[in-house]
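Q: sequence first, then the predicted structure:
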Amino acid sequence: MTVLRPSSRIRRAVLPLALCAGLMTTLTACASDPDEGTNGVGKLEATAIEKKAQSAADAAKAVRLSGTLVSKGGTYKLNMRLKQDGASGSVTIKNSTFELLRVGDELFLKADAAFWEHEDSSSGESSGAPSSSESGSGSGSDSSSEAGGDSGSDAGSEAADKLDDMYVKVPQDDPSYKQLRGFTDMDLLLDGLIGLHGDVAKGDYDKIGGVRTINVRGGEDGEGGSLDVSLEGTPFPVRFARGGGAGVVVLSEWDKDFPLAEPAKGQTLDYGKQLPRG
């Protein structure tokens, strides 16, 4: 009878375990194909992935766009639901947030009193209103200017209170109509966001909001933009990062319809050809 030393027994016990572990590793490696169970878009070349995403977006009937855009005019935080004939959602600029609702060509803006007070103040400054020193001199002139300023401030606050939480119709002749409508135009926003610049290359596989994605980017480091495309179902764009740190937006709820209707008359104010200004 051969007596096994303890070390020999341990080696004989460990060997089968090591073989099993190696087999499991091999099986796991085979099962970790990033394209398994996907729509197959990840197997395509980078340019083909980009085209698939653009085609899917062009054919879509609705989408939710949320995130931040940076431009010469400032930084905008958007949370908009968009479709071809209208949109609804919110826009934040600096510390001011307002809601936008567009039904066809009819555009409505809803904000609190603080927003309208700021608008009144800004419009007064930009209108070139003369200062007290330009209006005249002497104590009498100074006091009248101060009184006028107080009454103007009170009137502005009163007007702002009337606009608080009301849908104000934005006239198409108003200079701000085109800019505000741009936040509600699905085609305009998507055309300006999804395109990549420079040589397009494939990036990493990822999971965004529970959705498996493949990344494609413009330029080696994404300086021409970075686009994450869904690997589940239709290859819709899921996230887009603009080049140069000019903002990141998430695109979700593709083709999910939502109701659009003009606000009730009791909730609407119409000032004619221009928005109210101080």
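A: That came through, no problem.
Q: which SSE is the residue nearest to residue 249 when sequence neighbours are not counted in?
A: Spatial nearest neighbour of residue 249, chain neighbours left out: residue 67 (3.4 Å); criterion: C-beta to C-beta, 6 or more residues apart in numbering. Every residue, glycine included, has its C-beta placed from N, CA and C. For residue 67, the element it lies in under DSSP states H and E is strand 62-71.
Q: show me where this structure has its strands.
A: Applying DSSP state E to the chain gives strands spanning 62-71, 74-83, 86-93, 96-103, 106-111, 166-170, 200-208, 211-218, 226-230, 237-241, 247-252, 268-269.
Q: off-centre distance for the first one?
A: The chain centroid and the centroid of strand 62-71 are separated by 2 Å, computed with C-alpha atoms, centre = their mean, to the nearest Å.
Q: got the buried residues for it?
A: Residues of strand 62-71 classed as buried: 62-67, 69 (neighbour count, 16 or more other C-beta atoms under 10 Å).
Q: could you dump it to CSV, C-alpha only?
A: Output in CSV follows, covering the C-alpha atoms of strand 62-71 (Å, rounded to 0.1, in the frame of the first residue of the first chain):
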residue,chain,number,x,y,z
ALA,A,62,-41.4,61.4,-31.9
VAL,A,63,-38.5,61.6,-29.4
ARG,A,64,-37.6,63.0,-26.0
LEU,A,65,-34.5,65.1,-26.0
SER,A,66,-32.9,66.0,-22.7
GLY,A,67,-29.5,67.5,-21.8
THR,A,68,-27.3,70.5,-22.2
LEU,A,69,-26.4,72.5,-25.3
VAL,A,70,-23.6,75.2,-25.3
SER,A,71,-23.5,77.9,-27.9
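Q: direction included, what does that strand pair against?
A: Counting by DSSP bridges, the strands paired with strand 62-71 are strand 74-83 (antiparallel), strand 247-252 (antiparallel).
Q: redo those as TSV? Include distance to residue 166.
A: Formatted as TSV, the strands paired with strand 62-71 follow (distance: least, C-beta to C-beta, whole Å):
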stretch	distance to residue 166
strand 74-83	20
strand 247-252	29
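Q: for residue 180, find the nearest of these.
A: Ranking the strands paired with strand 62-71 by proximity to residue 180 (C-beta to C-beta) places strand 74-83 first, at 11.4 Å.
Q: contacting residues for the residue nearest to residue 77 when sequence neighbours are not counted?
A: Closest residue in space to residue 77, ignoring its immediate chain neighbours: residue 92 at 4.0 Å, by C-beta to C-beta, 6+ apart. If you count contacts by C-beta atoms under 8 Å, 6 or more residues apart in numbering, residue 92 has them with 76-78.
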